[in-house]
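Colleague: fold the following and give me the result.
(chains A and B)
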Amino acid sequence: MSSVRVEKLYKRFGHVEAVKGISFEVKEGEFVVLLGPSGCGKTTTLRCIAGLEHPDGGKIYFDDEDVTSLSPAARNIAFVFQLYALYPHLTAYDNIAFPLRAEGLPKPEIQRRVHEVVQLLQIEDILHLKPRKLTSGQKQRVALARAIVRRPRVFLLDEPLSNIDAKLREVTRAELKKLQRSLRATTIYVTHDQVEAMTMADKIVVMNFGDIQQIGSPHEVYHYPANLFVARFIGSPGMNFIPGNVEEREGQLGVTVDGKYFLPLLEEQQAALRRLPFSVHQVILGVRPENILVVGEGEGLLDGEVYVFEPLGVQNVVTFRILGHLVKALLPGDMVFQMGERVGLKFREIRVFHAETEKLIA
Amino acid sequence: MARLAIEKLTKRFGRITAISELSLEAESGTITVLLGPTGAGKTTTLRCVAGLERPDSGTIRIGDRVVNDLPPKDRDVAFVFQNFSLYPRYTVFENIASPLRIRSIPKEEIERRVREVARFLHIDHLLDRRPIHISGGEMQRVAIARALVRNPQLFLLDEPLTNLDAKIREEMRTELKRLQGETGATFLYATPDQAEALSMGDRIVVIRQGHVVQVGTPQEIYHYPRNVFVADFVGSPGMNFVPALFEGEKQLNVGPGYFIFELPEEAASVCRKALKHPEVIFGIRPEDIFLTAQEEKGLYPARVDVVEPLGVIQIVRLRLNGHVLRVRSEEGARFEGGERVFFGFRKEKVRIFDRFTEERVF
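Modeller: I've put the predicted structure just below:
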């Protein structure tokens, strides 16, 4: 397995700049997810790494080898679109052996290598079966075995789980993560699904409009989103935003909302604000739905009214109206609210974003 | 707004029975959700109610009228499809107004009603645009506005949010629920998405292979699923299941052979009466299991398979010999793949199913 380095990758289609000079690294054995909405440039980036698109600028390295001008075949990558695409008329064994036969390897070598991967994937006992006799889990393993057996330098996966139903997706997600860890396979995985990114990645590269918005661990992008886009995109429901103004009261920096409510900031956040080379007045407060607590009216930081109540079993999504702003809270499943009910709200873990640049400042 | 009552509806397509003696009611002014996997018969049911399919038997009542023999246009229902279509050459205004125009309603009245419904759905600023110039989420709002503008007896919504982005879907879920609450409309809403069903439904009708499996409030469906299918289908992840044997007066031998669980007296007494054989399935939801790294009396050992972070919570998958237990735990607790841990569960949350019928016993 190789490491991958993408340097100032640039790709345009006609007038459209699909990828605008992005750089990132994937360490050997690392699972990196390219995450973003459709049209953000993630698939184009992956296709450039695979050699299926030729970049207009920038370099791609596998280990220290510049592969930018190599053909897809010469890069020795495994590109998996869908974990189900098997040849229906071939047995599992023949499906797995297929790429080795295409390379013209001698028969004993093929047998040895197929044997090695099927052991790893625990599918020794289904090798004689054709795809239609296999369960969907087994099919995935066969498809993976076929990708692994070639000993590629890098695995590239393009939304492999997007066409399967929710329950199976959840199981496959966990299986795939486990396999990747045990194979120590360098993996670049493209998805628009933030849950897949959070649950599987060592490192997430969040993209939008052809640019990288943030690179970080799932923990970092979740708790310290670099900007409003990332904050909104990660989490379900995403982060809530309320515009406010930075003010000092009794020596403490805090944020006022509509001139009515004052929300004090943590010491380190105050320090971060004071350290800024410019003074910031208008900001946007960010608070995750799971960091909103309900108390009696007048007992919290601010008051709100129940706008919509949506039970979700283990927890409920409650939308509150605070003056002119709507915020969503994730609350325990046993707390039930009526529309119009008035309550007090407390926030923990507030994030402060610059109102104009939309970047995280504290 | 009217109540809908379906009695013993059957619809076959050739040799395939799409729905079989299906009965359900949708109370006036409420949201009734038809929840089931693809192919369960949701769309066929809606199409029969709309008059787009002719049932082979059964009756459909809207208000006091049996509508079986009425053509679609006389049933006074509005249908919102998953693959909504707008007239590309019309503006948003004209699209919304189209169902009113064919009913020869005076121009001022049309103008008033279109603007009112557009304001309600936050698309009043788009009225002069053509569909090609608005986003997918906005298009779906226009499609809903077009249904709503007529003020029909009944709304039939067939997966109206399925094709939308996750973020817009979340927003629209809240909006639609709010809209229904404020207008007092009657919704029959079909979806394969259990989160959507729980969050929107006043009542949920779970269907599978053309049959009603369970009818209940979101709370009932979630906490007291009728059988293994519902328990697995509802919740994300769904309920955990491990085969077990009911032994002696009140013991559950889970695995069998992994651990012995002593049932609370109430559960034991129900099991003694209801079971004709000892084979059962032990069921517990992921949020009702707790984990610790230290051995404690009363806890059971297991090995961590994979950890999936999800922001403030994480899903920890435990391997228990051949079975997997998914545990929903707080992010603060650190667990790693391969680690030996100990788990316990909230005893009152244990559910017991008959292993042969898969029906819930307790």
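Colleague: ok, A:Gly41 - contacts?
Modeller: Listed by Cβ atoms under 8 Å, 6 or more residues apart in numbering or on different chains, the contact partners of A:Gly41 are A:Lys11, A:Ala18, A:Val19, A:Lys20, A:Ile22, A:Met207, A:Phe209, A:Gly210, A:Asp211. In this view, the C-beta of every residue, glycine as well, is placed from N, C-alpha and C.
Colleague: looking at those residues, which has the most residues close by?
Modeller: A:Val19 (30 neighbours; other Cβ atoms under 10 Å in any protein chain shown).
Colleague: count the residues that sit near A:Ala147.
Modeller: 21.
Colleague: correct me if wrong: it contacts A:Ala85.
Modeller: No: the pair A:Ala147 / A:Ala85 is not scored as a contact, 10.6 Å apart, by Cβ atoms under 8 Å.
Colleague: what secondary structure does the closest residue to chain B within the stretch 101-250 of chain A sit in?
Modeller: With Cβ to the nearest Cβ, the shortest gap between the stretch 101-250 of chain A and chain B falls at A:Thr199, namely 3.6 Å. Following DSSP: H, G, I helix; E, B strand; the rest coil, A:Thr199 is assigned to helix.
Colleague: what does the residue nearest to it when sequence neighbours are not counted show for phi and psi?
Modeller: Once flanking residues are discounted, A:Thr199 sits nearest to B:Glu308: 3.6 Å by Cβ to Cβ, 6 or more residues apart in numbering or on different chains. Per-residue torsions, B:Glu308: phi -120, psi 100 (degrees, to the nearest 10).
Colleague: I'd guessed B:Glu308 sits against A:Ala197; true?
Modeller: No: with contact defined as Cβ under 8 Å, B:Glu308 does not reach A:Ala197; the gap is 11.0 Å.
Colleague: who has more neighbours, those two?
Modeller: A:Ala197 (25 against 21).
Colleague: quick one: contacts for that one?
Modeller: Contacts of A:Ala197 (Cβ under 8 Å, 6+ apart): A:Val33, A:Leu35, A:Thr191, A:Ile204, A:Pro218, A:Ile234.
Colleague: tell me how many other residues surround B:Phe356.
Modeller: B:Phe356: 11 surrounding residues under other Cβ under 10 Å.
Colleague: that one in helix, strand or coil?
Modeller: coil.
Colleague: what do you get for A:Gln214?
Modeller: Three-state assignment for A:Gln214 (three-state DSSP): strand.
Colleague: what's the burial count for it?
Modeller: 22.
Colleague: hmm, A:Asn227 and it touching each other?
Modeller: Yes: if you go by Cβ under 8 Å, A:Gln214 and A:Asn227 touch, sitting 7.3 Å apart.
Colleague: which helix or which strand is home to the residue lying closest to B:Arg101 once chain neighbours are set aside?
Modeller: In space, B:Arg101 comes closest to B:Ile110 once its chain neighbours are excluded; the distance is 6.8 Å by Cβ to Cβ, 6+ apart. Using DSSP states H and E, B:Ile110 maps to helix B:107-120.
Colleague: can you give me the helices in the stretch 101-250 of chain B?
Modeller: B:107-120, B:136-148, B:166-183, B:194-200, B:218-223, B:228-233 (DSSP state H, counting those that start in this stretch).
Colleague: just these: most buried one?
Modeller: helix B:194-200 (a mean of 25; mean count of other Cβ atoms under 10 Å in any protein chain shown).
Colleague: contacts only, for A:Ala78.
Modeller: Per Cβ under 8 Å, 6+ apart, neighbours of A:Ala78: A:Ala147, A:Ile148, A:Arg150, A:Pro152, A:Val154, A:Phe155, A:Leu156.
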